[in-house]
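A.B. asks: kindly generate the corresponding structure for this input.
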Amino acid sequence: MRRVVLGICGGIAAYKVVEVCRRLVEAGVHVSPVLTEGATHFVGPVTFSALASEPARTGLFDGSIPHTDLGQSADLVVVAPATAHLLARYAAGMADDLLTATLLATRAPVLVCPAMHTEMWEHPAVQENLATLRRRGVYVLDPDVGPLAGGDSGAGRLAEPTAIVARTLALLDTGDLDGLSLVVSAGGTREPIDPVRYLTNRSSGKQGHALAEAAARRGAKVTLVTSAALPAAVGVEVVRVETAAEMQEAMGAAAARADVVVMAAAVADFRPKAVADRKVHEVPELVLEPTPDILTGLVASRRPGQVLVGFAAETDDVAARGRAKLEKKGVDLLVVNDVTAPGAGFDHDTNAVTILDAQGGTTEVPLCSKNEVANAVLDRVVAHRKEGRTA
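C.D. replies: Sure, this is the predicted structure:
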């Protein structure tokens, strides 16, 4: 049974989380409620004890070592409402109550659902704390815009219980790629000029590595073909490459047995036609030639039923260029982003993308961690397979 630690903070929206608790239990989730002292001023622990899978806890000394017990047994920790105070303490690494201690003691994914007044939500300190948590891989379900407790209206209203439950169940559904073989490419290739110098691009490989890790968590057998000097997740088979030619060979071999192919690497578009075997000491005149079009080759040799996902980094006319590339390449899904947008360019821990499909569908993924982007892409892969739309 999937286990969720449900953290409730001291905000007026705490009453909504009673419904979240009830719906999760009805969905077959084991719910362990943890209330902060502030939360008990808005809703009683007995209410959650009656609805949850086990009695609600409120104290750091309830039991032997409750925070480690909860943190180690959880498949997911959900905090709703997540107040500005909780976000600040979590970002700072504080552990002065049962909920914050559990957040630090768990290796499970964490989803925070902020709720506060508009002025607090928009305060730079709150947004910086959220940015810190996102960089660390914490999932954030942004608040809604609507009526607030003070009688006015604006951003900061806790997301509806149905939305919190849906996001929670989606994060728990980590086995939807069980039995599938997935290959993903990552990083920018290096095309040598001589033994010392090379041509490349600014890709860090972070998004491709996040995709490999997320796919492995969701049960896939993952091969990562990467040129990035980044660690890979446990359980991921890694093939290290440098040049476009090496990546083409490795991707072709891995894709031949894969159910899903994700071409997230930023392959250099050009390479020197001739490579010097010794260091060049004078300013060279470089004659360039195009590198292999790896994605086109993968489309040409695709297996029946194989899902192919391409990536496109653009700087202008993003939607139009993305749609044109999708049609030209013949892939099932294309993930396109504007690398000039704040927080969404190369080497960031965050990204914002648009996922296009061959049937004309569009999925917008606003700025969030690259882990969240990875899961959004994999969600579309799963949906695509269920719809039976692969070529």
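A.B. asks: distance of the nearest residue to Val18 once chain neighbours are set aside from Ala149?
C.D. replies: The spatial neighbour of Val18 that comes closest, neighbours along the chain excluded (C-beta to C-beta, 6 or more residues apart in numbering), is Thr47 at 5.9 Å. The way it works is simple: take the backbone N, C-alpha and C, and place the C-beta from them, glycine included. Computed as C-beta to C-beta, to the nearest Å, the Thr47 to Ala149 distance reads 19 Å.
A.B. asks: try Ala95
C.D. replies: 29 Å.
A.B. asks: kindly report the same for Leu51.
C.D. replies: Distance from Leu51 to Ala149, by C-beta to C-beta: 23 Å.
A.B. asks: quick one, which of the two is more surrounded?
C.D. replies: Leu51 (19 against 13; other C-beta atoms under 10 Å).
A.B. asks: need the pLDDT of the more buried one.
C.D. replies: Leu51 is assigned a predicted lDDT (pLDDT) of 96.
A.B. asks: list the residues that contact it.
C.D. replies: 18, 21-22, 25, 31 (C-beta atoms under 8 Å, 6 or more residues apart in numbering).
A.B. asks: per-domain residue ranges of the chain.
C.D. replies: With domains defined by automatic domain parsing, the chain comprises 3-172, 181-387.
A.B. asks: gap between the two ends of the first one?
C.D. replies: Which is domain 3-172. 9 Å (C-alpha to C-alpha, to the nearest Å).
A.B. asks: kindly report the same for stretch 100-117.
C.D. replies: Span of stretch 100-117 from end to end, C-alpha to C-alpha: 22 Å.
A.B. asks: what sits against Val336?
C.D. replies: 311-314, 318-319, 321-322, 325, 353-354, 356.
A.B. asks: how is it assigned, secondary-structure-wise?
C.D. replies: State at Val336, reduced to three classes by DSSP: H, G, I helix; E, B strand; the rest coil: strand.
A.B. asks: how near is the residue nearest to it when sequence neighbours are not counted to Asp332?
C.D. replies: Take Val336 and drop its neighbours on the chain: the residue closest to it by C-beta to C-beta, 6+ apart is Gly322, 3.3 Å away. The gap separating Gly322 from Asp332 is 14 Å, by C-beta to C-beta.
A.B. asks: now do Phe48
C.D. replies: Phe48 is 43 Å from Asp332, by C-beta to C-beta.
A.B. asks: pLDDT weak spots in the protein?
C.D. replies: 62-65, 173-174, 389-391 (pLDDT under 70).
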